[in-house]
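# need a 3D model of the following:
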Amino acid sequence: MLLDVRNLEAGYGHAKVLFGLTFGIGEGEVVTLLGRNGMGKTTTVRALFGLVRATAGEITFAGKRSERSPSYEIARLGMGLVPEGRQIFPNLSVRENLQMAFIDRTWGNERWTFERVIDFFPRLGERRNNAGTQLSGGEQQMLAIGRALMTNPRLLVLDEATEGLAPVIREEIWARLNELKKTGLSILVIDKELEALCALADRHYVLERGEIVWSGTTAQLMSDPSVQETYLGV
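All right, here's what the predicted structure looks like:
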């Protein structure tokens, strides 16, 4: 198991958000965290990256315990984050945003470089000298994904992968994520587009009020409408 999370608890101050989460991601596997807003998905991601302190439980990544590690050490282990809201550097160019994130390493696959990223996202190549503020929302999301890939991660984590994007851009993002899956990259993705997630992912975890209340394969999820109605409906 590449990522192994056991009995994870975390929160903000005295407000506990996560209550004993246990889940995992294997090498080359695509996994989702599903649930309505406010159920703890983003807090889970923040805990994985050391941005929220784990108050109990264990996080093991690539065989190393990381729940007490600072964020920069977790990144060095090979986790790459595409955060909610993208958070690109607005005053840097596309080229600068990508090049500043580059880590020269491989995990068995061909490494990601500036040239490979702009080949993967041709729009970024066209806008390579434009500042982040001059990009559309979709282009910013491509840049955020490209920036994470430039760290050459073993696990790519996307928090709200296509939120707020136009339908044509969402389709392009999903197509690119499917291409990443074919490379053998492990992916953890959060999004609300259930159909696209089921077309992409191998397994799913459903969160409800900081607890995992269901887990299973795509086939199991699609064959159980009660899960969708109970935990994923608005």
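# buried stuff in the least confident helix or strand in the chain by mean pLDDT?
Lowest by mean pLDDT, DSSP states H and E among the helices and strands of the chain is helix 225-227, with a mean of 88. Judged by neighbour count (16 or more other C-beta atoms under 10 Å), helix 225-227 contains these buried residues: Val227. (Glycine included, C-beta is placed from N, CA and C.)
# and that helix, how far out from the chain middle?
Average the C-alpha atoms of helix 225-227, do the same for its chain, and the two points are 25 Å apart (C-alpha atoms, centre = their mean, to the nearest Å).
# repeat that for stretch 106-113.
Worked out by C-alpha atoms, centre = their mean, stretch 106-113 lies 18 Å from the chain centre.
# just the CA atoms of it, as PDB, please.
Output of stretch 106-113 as PDB, limited to C-alpha atoms (Å, rounded to 0.1, in the frame of the first residue of the first chain):
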ATOM      1  CA  THR A 106      11.700   9.500 -11.000                       C
ATOM      2  CA  TRP A 107       9.700   6.700  -9.400                       C
ATOM      3  CA  GLY A 108      10.000   4.300 -12.400                       C
ATOM      4  CA  ASN A 109       8.100   6.400 -14.900                       C
ATOM      5  CA  GLU A 110       9.400   9.000 -17.300                       C
ATOM      6  CA  ARG A 111      10.000  12.200 -15.300                       C
ATOM      7  CA  TRP A 112       7.900  15.300 -15.700                       C
ATOM      8  CA  THR A 113       9.700  18.400 -17.100                       C
END
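# can you list the residues that contact that stretch?
Here stretch 106-113 makes contact (C-beta atoms under 8 Å, 6 or more residues apart in numbering) with Gly78, Phe102, Asp104, Arg105, Arg116, Leu149, Met150, Asn152, Arg154, Thr183, Gly184, Leu185.
# what do you get for stretch 208-217?
Under the criterion C-beta under 8 Å, 6+ apart, residues 16-23, 35-36, 39-40, 43, 202-207, 224, 227, 231 lie in contact with stretch 208-217.
# out of the residues you listed, which are buried?
So, by 16+ other C-beta under 10 Å, the buried ones in the contacts of stretch 208-217 are 17-19, 21, 23, 35, 39-40, 43, 203-207, 227, 231.
# now, which of those residues sits nearest Arg123?
His204 (29.7 Å; C-beta to C-beta).
# just the C-alphas of the host helix or strand of that closest one, formatted as CSV.
Per DSSP states H and E, His204 falls inside strand 203-208. The C-alpha trace of strand 203-208 is given here as CSV (Å, rounded to 0.1, in the frame of the first residue of the first chain):
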residue,chain,number,x,y,z
ARG,A,203,-12.2,2.6,-5.6
HIS,A,204,-14.2,5.1,-3.6
TYR,A,205,-14.5,6.2,0.0
VAL,A,206,-17.6,8.1,1.2
LEU,A,207,-17.3,10.6,4.1
GLU,A,208,-20.1,11.6,6.3
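# ok, that strand: who's next to it in the sheet?
strand 30-34 (parallel), strand 211-217 (antiparallel) (DSSP bridges).
# how many other residues sit next to Phe121?
The tally of other residues near Phe121 (other C-beta atoms under 10 Å) stands at 23.
# quick one: the nearest residue to it once chain neighbours are set aside and Pro90, what's the gap?
Spatial nearest neighbour of Phe121, excluding adjacent residues (C-beta to C-beta, 6 or more residues apart in numbering): Met142 at 4.5 Å. Relative to Pro90, Met142 is positioned 15 Å away (C-beta to C-beta, to the nearest Å).
# do Ser69 as well
Between Ser69 and Pro90 the computed distance is 29 Å (C-beta to C-beta).
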